[in-house]
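A.B. asks: coordinates only, sequence not included:
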DNA sequence: ACAAAAGTGTTTTCGATACACCCATGA
DNA sequence: TCATGGGTGTATCGAAAACACTTTTGT
């Protein structure tokens, strides 16, 4: 169903398949090596990297469309996914319009005709477990993780979209299942602390963080983890899913 | 420009004028008589009240379209206006589809054809000063204020849209220019307190509220206001605009 | 004098912060 | 035994909450 996207039939007659002038882009956040990561996409048709995205099929709910796309690019379903903004500036395809004028390849004309339309982009924010993702890779599309701090210049207004998504992430920090969705099943408290620190952009006190996060009663203590390093082995924890989502309703205390 | 909306030309050929399948609805909040108010609209073509809204002209920025509509319905510009959600459920016109089947009036067919399409609605939230609004009233459309608690059944999914907007209002309370946009130029502290109380749905302590709100340094003390009532006359206050918006950047302390 | 509402002060409690100290681990 | 990082305790500070007392106003 998604493979129709790159056919001539679709691009000459898109309104038969999808809602006209509406597009979706997913900002997919992961966490690895103490860094926030974003999943980006490159196609054979464009020089610049771009946000993974697509369109809303006639019979799709909006969230279903976003989920379908997330699955396509990461292999995952049932992760945290949420609308966070719309992007429909009149001039958001400016960059692409210039590229079009310079592009000599005739076989790209159809692409330009289609993508230079004005779209209203619905931004969806996803939180995923880095290790579980299988980035899409086929003959025309490759997905790859980027550090949030070193995202290159992207197509359209996608840099702005990522900035907006990250601001939303920071703003809603205490209402989002940050840890649950970004971390593996079991993890040491330090990992969770690192996530909060990188999203907030500041250091937190270890002792205070541990006491506070444990006081919510959303974590279950597991076995110690012996890493082989010359230091005390940390306890591992996992989320008590039910209590976690209960607590999130009212937001965790401010960090 | 907005008057084309109700012409046959527009409804048979809308794609010439507006972005297809995209609509805008404004949830316009006011405050009067210690109650949160919402501005609703009724047209000659429908039984149910509805949210004021419209479409995005080809040359409109999204926010410009929302501003244009707000101006149309209230007479105001440059008030607080912000996107807060999208609504595009496949079945969101269910109710209208049934009405269509029961509607005998032939001259309404064009309306149904147009409005029964699937739209992706961009929700915009506005905060306005109740007294400054001149609700639109012409031969086909009347706007009227409703208490938030007694909003009737509305067209489409508009009840859901209002609920979502109000939840957003509560959630972002400390980051929104609540008082500045909802209150007149000068006001007693009690009015501001009432706004917070009704939005939060709980009583606040008068003393604590006054001390806290004054501690932010965003209010300027004005003359006393003698209402004629048999009690102490309260001081009036007005916002120091610059300091207010500065303080909002980081959010006011939690209420 | 009294009722009603504004304005101000006080006490208590709780959580945030900073920091110190001890413990476990492998080299 | 040392370095490293985990775990825990404690003192301090400030904000939040509860509530009492005083002041102003018109009847």
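C.D. replies: Done, it's in. Keep in mind that what you see is a predicted model, and the values were worked out from it rather than measured.
A.B. asks: Just confirm yes or no for stretch A:13-22 near chain B.
C.D. replies: Yes: contact check for stretch A:13-22 against chain B, using CB under 8 Å from any CB of the partner chain: residues in range are A:15, A:19, A:20, A:21, A:22. Where you see a C-beta, it was placed from the backbone N, CA and C, and this is true even at glycine.
A.B. asks: By neighbour count, which bits of that stretch are buried? Give me those.
C.D. replies: Taking 16 or more other CB atoms under 10 Å in any protein chain shown as the neighbour-count basis, stretch A:13-22 is seen to contain the buried residues A:14, A:18, A:19, A:21, A:22.
A.B. asks: so for the lengthiest strand in chain A, what's the average pLDDT?
C.D. replies: Of all segments of type strand in chain A, defined using DSSP state E, the longest is strand A:18-32. What strand A:18-32 shows for mean pLDDT is 96.
A.B. asks: Equivalent analysis for stretch A:183-195, please.
C.D. replies: 95.
A.B. asks: Distance from the strand or helix carrying residue A:11 to the middle of the chain?
C.D. replies: Per DSSP states H and E: residue A:11 is located in helix A:8-12. In terms of CA atoms, centre = their mean, to the nearest Å, the gap separating the centre of helix A:8-12 from the centre of its chain is 28 Å.
A.B. asks: Same question for stretch A:77-95.
C.D. replies: Computed by CA atoms, centre = their mean, the chain-centroid distance of stretch A:77-95 equals 11 Å.
A.B. asks: Would you tell me whether it gets close to chain B?
C.D. replies: Yes: where contact is defined by CB under 8 Å from any CB, part of stretch A:77-95 touches chain B, namely A:83, A:85, A:86, A:88, A:89, A:90.
A.B. asks: Can you get me a residue count around the fourth one?
C.D. replies: It refers to residue A:88. Counted with other CB atoms under 10 Å in any protein chain shown, residues neighbouring residue A:88 total 23.
A.B. asks: Likewise for the fifth one?
C.D. replies: The local packing count at residue A:89 equals 16, with neighbours defined by other CB under 10 Å.
A.B. asks: Residue A:111 now?
C.D. replies: Residue crowding around residue A:111 was assessed by other CB under 10 Å; the count is 18.
A.B. asks: One more: residue A:68?
C.D. replies: With other CB under 10 Å as criterion, residue A:68 counts 17.
A.B. asks: From residue B:126, how far out is it?
C.D. replies: Residue A:68 sits at a distance of 33 Å from residue B:126 (criterion: CB to CB, to the nearest Å).
A.B. asks: Can I take it that residue A:86 is in a helix?
C.D. replies: No: if the criterion is DSSP: H, G, I helix; E, B strand; the rest coil, then residue A:86 is strand and not within a helix.
A.B. asks: Verify the stated contact: it with residue B:62.
C.D. replies: Yes: A contact is recorded between residue A:86 and residue B:62 when judged using CB atoms under 8 Å, the distance being 6.3 Å.
A.B. asks: helix or strand for residue A:98, which one?
C.D. replies: Taking DSSP H and E as the definition, residue A:98 sits inside helix A:94-102.
A.B. asks: Please list the residues of chain A that sit near chain B.
C.D. replies: Within chain A, the positions adjacent to chain B are A:15, A:19-22, A:56, A:58-62, A:83, A:85-86, A:88-90, A:118, A:120, A:122, A:171, A:175, A:254 by CB under 8 Å from any CB.
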